[in-house]
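J.: what follows is a predicted structure for the sequence shown.
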Amino acid sequence: MKMLVFGGSGRTGQVVCRAATAAGWQVCAPAHAECRLEDPAAVSNAVLHSGADAVVNCAAISGLEACLQSPLTAHLVNAVAPAAMALACRHTGARFVHLSTDYVLDGRKAGLKDESAKCKPVSVYAESKREGELQVAEALSTALLMRVSWVCGNPHKPSFVESTLLKALRGEPLAAIADKYSLPTDAEDIARAILALLPTQACGVYHVCASGAPVSWHDCARYALEYAVQSGALAAMPHPAPQRLKDATFFKEIRPPHTAMCNAKLVAAGVPMPTAQQTVCYAVKRLLRQIYA
């Protein structure tokens with residue numbers, strides 16, 4: 001069985017490629033120089049000539065400020081390219097998995113949101129990702145669209161979780177936003193969900209994230225630091241300063257405050273998910289293992 005992975009060098013793509021290979025898949029992950037995602041014809045040809053049984057799209061321009069600066073590129077990579085992949089998969093019969101984001105959701109009200117929840121993207125990034133969802137669903141009814149959030153767990157591509165610990169280990173001052181809520185997703189769990197659902201008839205949108213109540217970035221930072229203290233990596237517990245989202249002037253693009261997702265549909269499909277605290281601890285454990293190997 002052959003799997004074509006777009007974005008194979010990214011935080012999630014690296015983990016997906018490794019997990020799929022371990023599961024017995026022959027994995028092909030073209031570099032950007034081999035297949036420019038801004039070129040839909042190149043993307044389509046890559047799928048049509050790959051011989052892949054499954055195509056997984058982990059690629060995206062995910063930096064909100066980068067999307068704000070280059071909206072056309074964001075549209076091409078986050079919307080047009082996935083649509084081209086889906087159309088090509090319709091011709092080849094390959095299974096298609098497309099990763100999206102919690103940022104497409106209406107983030108004004110608190111609480112967990114399931115797959116039927118209203119979408120209201122408020123940034124160029126979120127708009128491009130929502131357009132990608134819509135185009136993929138229209139092009140290929142059997143496509144799997146997995147929304148993920150706050151991806152962590154790949155020590156080679158540090159997220160906010162790993163970066164917080166690295167700063168703490170260097171003795172740097174720490175701060176984290178305390179009034180933006182979602183749920184983290186371990187890249188390992190994304191790979192596990194993909195491999196579990198690919199052989200099934202599952203299609204449509206699935207929320208792939210930790211279980212439990214919504215947490216803030218400040219909560220995640222605290223979980224990471226507490227685990228580091230418990231494991232002996234830190235001598236004492238640092239206390240990151242809580243920040244408000246509206247005071248984060250370093251952000252040039254809007255972040256929705258409440259986008260935590262309910263993963264009940266995924267769990268019902270046979271893919272159990274850890275809690276937010278467990279997710280963060282697993283990510284920190286991998287980072288410490290790499291540091292002290």
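T.: Nice, thanks for sending it over. Numbers count the residues shown, from 1 in each chain.
J.: quick one: low-confidence parts of the chain?
T.: Along the chain, no part satisfies pLDDT under 70.
J.: and the helices in it, which stretches?
T.: Along the chain, the stretches classed as helices by DSSP state H are 11-22, 40-48, 64-69, 71-75, 81-92, 124-139, 160-169, 187-197, 217-230, 264-268, 276-291.
J.: including mean neighbour count and distance to residue 246, could those helices go into a markdown table?
T.: Quick note: C-beta positions are derived from backbone N, CA and C, even for glycine. Supplementary listing: the helices of the chain in a markdown table, determined by neighbours: other CB atoms under 10 Å; distance: least, CB to CB, whole Å:
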| stretch | mean neighbour count | distance to residue 246 |
| --- | --- | --- |
| helix 11-22 | 21 | 28 |
| helix 40-48 | 18 | 38 |
| helix 64-69 | 16 | 16 |
| helix 71-75 | 17 | 24 |
| helix 81-92 | 23 | 32 |
| helix 124-139 | 22 | 18 |
| helix 160-169 | 20 | 19 |
| helix 187-197 | 22 | 30 |
| helix 217-230 | 21 | 14 |
| helix 264-268 | 15 | 32 |
| helix 276-291 | 21 | 23 |
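J.: in JSON lines, list those helices along with distance to residue 207.
T.: Converted to JSON lines, the helices of the chain look like this (distance: least, CB to CB, whole Å):
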{"stretch": "helix 11-22", "distance to residue 207": "15"}
{"stretch": "helix 40-48", "distance to residue 207": "26"}
{"stretch": "helix 64-69", "distance to residue 207": "20"}
{"stretch": "helix 71-75", "distance to residue 207": "23"}
{"stretch": "helix 81-92", "distance to residue 207": "18"}
{"stretch": "helix 124-139", "distance to residue 207": "12"}
{"stretch": "helix 160-169", "distance to residue 207": "19"}
{"stretch": "helix 187-197", "distance to residue 207": "10"}
{"stretch": "helix 217-230", "distance to residue 207": "18"}
{"stretch": "helix 264-268", "distance to residue 207": "6"}
{"stretch": "helix 276-291", "distance to residue 207": "14"}
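J.: who wins for proximity to residue 178 among those helices?
T.: helix 217-230 (3.8 Å; CB to CB).
J.: isn't residue 198 right up against residue 55?
T.: No. The criterion here is CB atoms under 8 Å, and residue 198 misses it with residue 55 at 10.4 Å.
J.: what is in contact with these two at once?
T.: Common neighbours of residue 198 and residue 55 are listed as 95, 97 (criterion: CB atoms under 8 Å, 6 or more residues apart in numbering).
J.: can you tell me the closest non-neighbouring residue to residue 16?
T.: residue 191 (4.6 Å; CB to CB, 6 or more residues apart in numbering).
J.: ok, residue 59 next?
T.: Residue 59's closest residue in space is residue 7 (CB to CB, 6+ apart), at 3.0 Å.
J.: who's more crowded, residue 198 and residue 55?
T.: Taking neighbours as other CB atoms under 10 Å, residue 198 and residue 55 compare with residue 55 leading, 26 against 20.
J.: I'd guessed the more buried one sits against residue 95; true?
T.: Yes. With contact defined as CB under 8 Å, residue 55 reaches residue 95; the gap is 7.2 Å.
J.: which neighbours do these two have in common?
T.: Contacts common to residue 55 and residue 95, judged by CB under 8 Å, 6+ apart, are residue 89.
J.: in the chain, which strand is the longest?
T.: In the chain, ranked by residue count with DSSP state E as the criterion, the top strand is strand 95-101.
J.: by contact count, what packs against that strand?
T.: With contacts defined as 3 or more CB pairs under 8 Å, 6 or more residues apart in numbering; DSSP states H and E, strand 95-101 has these neighbours: strand 54-57, helix 81-92, helix 124-139, strand 144-148, helix 187-197.
J.: distance to residue 228 added to those, as CSV?
T.: Putting those into CSV (distance: least, CB to CB, whole Å) gives the following:
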stretch, distance to residue 228
strand 54-57, 32
helix 81-92, 37
helix 124-139, 31
strand 144-148, 24
helix 187-197, 19
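J.: which one of these lies closest to residue 42?
T.: helix 81-92 (8.7 Å).
J.: only the C-alpha atoms, please, for stretch 14-24, written as CSV.
T.: Coordinates of each C-alpha in stretch 14-24 appear next as CSV, following Å, rounded to 0.1, in the frame of the first residue of the first chain:
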residue,chain,number,x,y,z
GLN,A,14,7.0,14.2,9.8
VAL,A,15,5.1,12.1,12.4
VAL,A,16,2.5,10.9,9.9
CYS,A,17,5.3,9.7,7.6
ARG,A,18,7.1,7.9,10.3
ALA,A,19,3.9,6.2,11.7
ALA,A,20,2.7,5.2,8.3
THR,A,21,6.1,3.7,7.4
ALA,A,22,6.1,1.8,10.7
ALA,A,23,2.6,0.5,9.9
GLY,A,24,3.8,-1.0,6.6
